[in-house]
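**Student:** sequence plus predicted model, see below.
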Amino acid sequence: MSLQTAIRDGINRALRPMGVQVVRGYSTDRAIQPFLSAHRTETAARRAGLSIEDYIDRYSAAPGATAETVEVLLRLADLGDHVARVCEIGAGTGRYTARVIGALRPDVYEVYETAQDWLPRLRALPNVIIQPADGHTLRATRTASVDLVHAHKVFVYLPLVVTVGYLEEMVRVVRPGGVVAFDIVTDNCLDEPTTKAWVSSGATLYGMISRSWIVDLLARRNLSLVGGHFVPLSEGRTELLVFRRD
């Protein structure tokens, strides 16, 4: 059994009581293949009498976490109530997508998602364009073309080199004055109870990145930190960071 298979099976054992599982996406990159099954997640949410957003929040974060995250993002981004173009990496269930579309009413909303079974749900949202996703780049998006490029609960699970590659792409596609936003597990997210909980549960799927290192990296690319906000994560938290392109 490969390490990737062992990790995926371990995650599925932990998720089984909740009625969800991870499956392979269509990327060939082993680092970004596991995803929640759309069919099983939607079925479990219906049985629980909950929306997809509320169901995911309940088991992986905290009730209302998605709505709070988007509210903070929009407040810090200060983009008004209409933009031309938004790009989201790893939109998945579309729970952040739908809220951002409702608030910003973009003319075009580009989505990069490697989990094919969620794509029909994403295509049904207003003005969404599904871009070809390779798990590394935003190659179909023009340079300096988007008002907002964001990702949620994505970089938490990716190797550092993949995350940094995506950050470079976010820098490339955002227009001057536009906003880059994402959440990561920073050193500020860690305390002794959290690390003990992750060690005892074998939570090997999370990766930590130095906050100051990320801020300095993006500052050298003319992105200024606007603000941050802690977001609940299973047995811990991530930090949403919002940057504006100078």
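**Tutor:** Arrived safely. Predicted model, so just to flag it, every value in this text is computed and none were measured.
**Student:** quick one: contacts of stretch 84-92?
**Tutor:** Here stretch 84-92 makes contact (C-beta atoms under 8 Å, 6 or more residues apart in numbering) with 35-36, 96-97, 100-101, 104, 106-115, 118, 122, 138, 141, 145-154, 166, 170, 173, 182. The way it works is simple: take the backbone N, C-alpha and C, and place the C-beta from them, glycine included.
**Student:** now swap in stretch 139-146 and tell me
**Tutor:** Contact partners of stretch 139-146, identified using C-beta under 8 Å, 6+ apart, comprise 85-87, 110, 131-132, 169, 172-176, 178.
**Student:** and the helices in this structure?
**Tutor:** 3-15, 38-48, 52-60, 65-77, 95-104, 119-123, 160-173, 192-201, 211-219 (DSSP state H).
**Student:** can you get me a residue count around residue 221?
**Tutor:** Using other C-beta atoms under 10 Å, residue 221 has 16 neighbouring residues.
**Student:** do the same with residue 204
**Tutor:** Close neighbours of residue 204, defined as other C-beta under 10 Å, add up to 13.
**Student:** just residue 111 next, same as before
**Tutor:** Per other C-beta under 10 Å, the neighbour tally for residue 111 reads 23.
**Student:** beta-bridge partners for it, please?
**Tutor:** Residue 111 has these beta-bridge partners by DSSP bridges: residue 88, residue 130.
**Student:** isn't it right up against residue 124?
**Tutor:** No. Assessed by C-beta atoms under 8 Å, residue 111 is found out of contact with residue 124, at 11.7 Å.
**Student:** any figure for the gap between the residue nearest to residue 74 when sequence neighbours are not counted and residue 116?
**Tutor:** Distance criterion C-beta to C-beta, 6 or more residues apart in numbering; nearest residue to residue 74, sequence neighbours excluded, is residue 103 at 5.4 Å. Residue 103 sits 27 Å away from residue 116, going by C-beta to C-beta, to the nearest Å.
**Student:** if we can go back for a sec, drop anything exposed from the contacts of stretch 84-92.
**Tutor:** Buried members of the contacts of stretch 84-92, scored by 16 or more other C-beta atoms under 10 Å, are 35-36, 96-97, 100-101, 104, 106, 109-115, 118, 122, 138, 141, 145-154, 166, 170, 173, 182.
**Student:** looking at this protein, which helix or strand does the model trust least?
**Tutor:** Lowest on mean pLDDT, DSSP states H and E among the helices and strands of the chain sits strand 22-24, with a mean of 41.
**Student:** domain-wise, how is the protein divided?
**Tutor:** The chain breaks down by automatic domain parsing into domains covering 3-60, 65-245.
**Student:** pick the most deeply packed of those domains.
**Tutor:** Mean neighbour count (mean count of other C-beta atoms under 10 Å) peaks for domain 65-245 among those, with a mean of 19.
**Student:** just the endpoints, please. Distance across it?
**Tutor:** Terminal residues of domain 65-245 lie 26 Å apart, using C-alpha to C-alpha, to the nearest Å.
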